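1. need a structure here:
(chains A and B)
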Amino acid sequence: GMPVEQNPPALSLYEGADSGLRCNFSTTMKSVQWFQQNHRGRLITLFYLAQGTKENGRLKSTFNSKERYSTLHIKDAQLEDSGTYFCAAVSSNTDKVVFGTGTRLQVSP
Amino acid sequence: AQTIHQWPVAEIKAVGSPLSLGCTIKGKSSPNLYWYWQATGGTLQQLFYSITVGQVESVVQLNLSASRPKDDQFILSTEKLLLSHSGFYLCAWSRTVSNERLFFGHGTKLSVL
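-> Numbers count the residues shown, from 1 in each chain, chains lettered A, B, ... in the order given. Alright, predicted model coming up:
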């Protein structure tokens, strides 16, 4: 199967809602990055994690290498959160970066 | 602070025409450099990487080539564009050889007609 499985593929939220995205890894990864891609295609780095949990404002991300997953939690969704979110993980075996398939998030008023 | 600049911002090209996309990194010596391609609505796929001047490794064969003529410059090119080359091209850099944190440029949107 795919080395990085990202869910859900698409997500619709109303402003103020909370939700989460998840990436499951088929092999051991040593780090993960989360990106938001805006409507212009620009990739904005949200988090880089080698382990544990990080928070930044309304966003929180967790990476568990042993359990082979990472999550991105969005609290109090805002219109500007709309875009496509990608996780990208580095394989412990190959040192290669693999991107998830993306989650298209639409936040509505 | 490091900056990464990609050019052009967008291109509309005819099938069979040549292409050259550029990427420059300032403020970091000997960066690892990468080219990524993204089909419309798709995920990112690594095309090439380079860890030093003059050395480029191909990851995916898409009838494209890459060169690193200077430490801070990475070029993606082809002599003959295909329709399938359309998409979004992103240049990125990282500090280490083991593909640690990636920093991306703003990308080039390519439309092949």
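
2. just how off-centre is the helix or strand of chain A with the lowest mean pLDDT within its chain?
-> Least confident helix or strand, chain A: strand A:97-99 with a mean of 92, by mean pLDDT, DSSP states H and E. Averaging C-alpha positions (C-alpha atoms, centre = their mean, to the nearest Å) puts strand A:97-99 12 Å from its chain's average.

3. residues contacting it, please?
-> Strand A:97-99 is contacted from outside by A:3-4, A:86-91, B:43-46, B:99, B:102, using C-beta atoms under 8 Å, 6 or more residues apart in numbering or on different chains. C-beta here means a position set from N, CA and C on the backbone, and glycine is covered the same way.

4. save these as a markdown table, and put in secondary structure and neighbour count too.
-> Below are those laid out as a markdown table (DSSP: H, G, I helix; E, B strand; the rest coil; neighbours: other C-beta atoms under 10 Å in any protein chain shown):
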| residue | secondary structure | neighbour count |
| --- | --- | --- |
| A:P3 | coil | 16 |
| A:V4 | strand | 25 |
| A:F86 | strand | 25 |
| A:C87 | strand | 31 |
| A:A88 | strand | 28 |
| A:A89 | strand | 28 |
| A:V90 | strand | 21 |
| A:S91 | strand | 20 |
| B:T43 | coil | 18 |
| B:L44 | strand | 26 |
| B:Q45 | strand | 16 |
| B:Q46 | strand | 22 |
| B:N99 | coil | 23 |
| B:L102 | coil | 24 |
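
5. and the least confident of the residues you listed?
-> Across the contacts of strand A:97-99, the smallest pLDDT goes to B:N99, namely 58.

6. closest to the centroid, which residue in chain B?
-> B:W35 (3.1 Å; C-alpha atoms, centre = their mean).

7. so who does that one touch?
-> Contacts of B:W35 by C-beta under 8 Å, 6+ apart are B:C23, B:Q46, B:L47, B:F48, B:Y49, B:A66, B:F74, B:L76, B:Y89, B:L90, B:C91, B:A92.

8. just these: which are in strands?
-> Members of the contacts of B:W35 lying in strands (criterion: DSSP state E): B:C23, B:Q46, B:L47, B:F48, B:Y49, B:A66, B:F74, B:L76, B:Y89, B:L90, B:C91, B:A92.

9. check contacts around the last one.
-> For B:A92, the contacting residues are B:I4, B:L33, B:Y34, B:W35, B:Y36, B:L102, B:F103, B:F104, B:G105, taking C-beta under 8 Å, 6+ apart as the criterion.

10. related to what we said a few turns ago, the least confident helix or strand of chain A pairs with which strands, and in what direction?
-> Note on strand A:97-99: by DSSP bridges, its sheet partners are strand A:83-91 (antiparallel).

11. which residues are contacting the strand it pairs with?
-> A:3-4, A:6, A:21, A:23, A:25, A:27-39, A:43, A:46, A:70, A:72, A:96-100, A:102-105, B:43-44, B:98-100, B:102.
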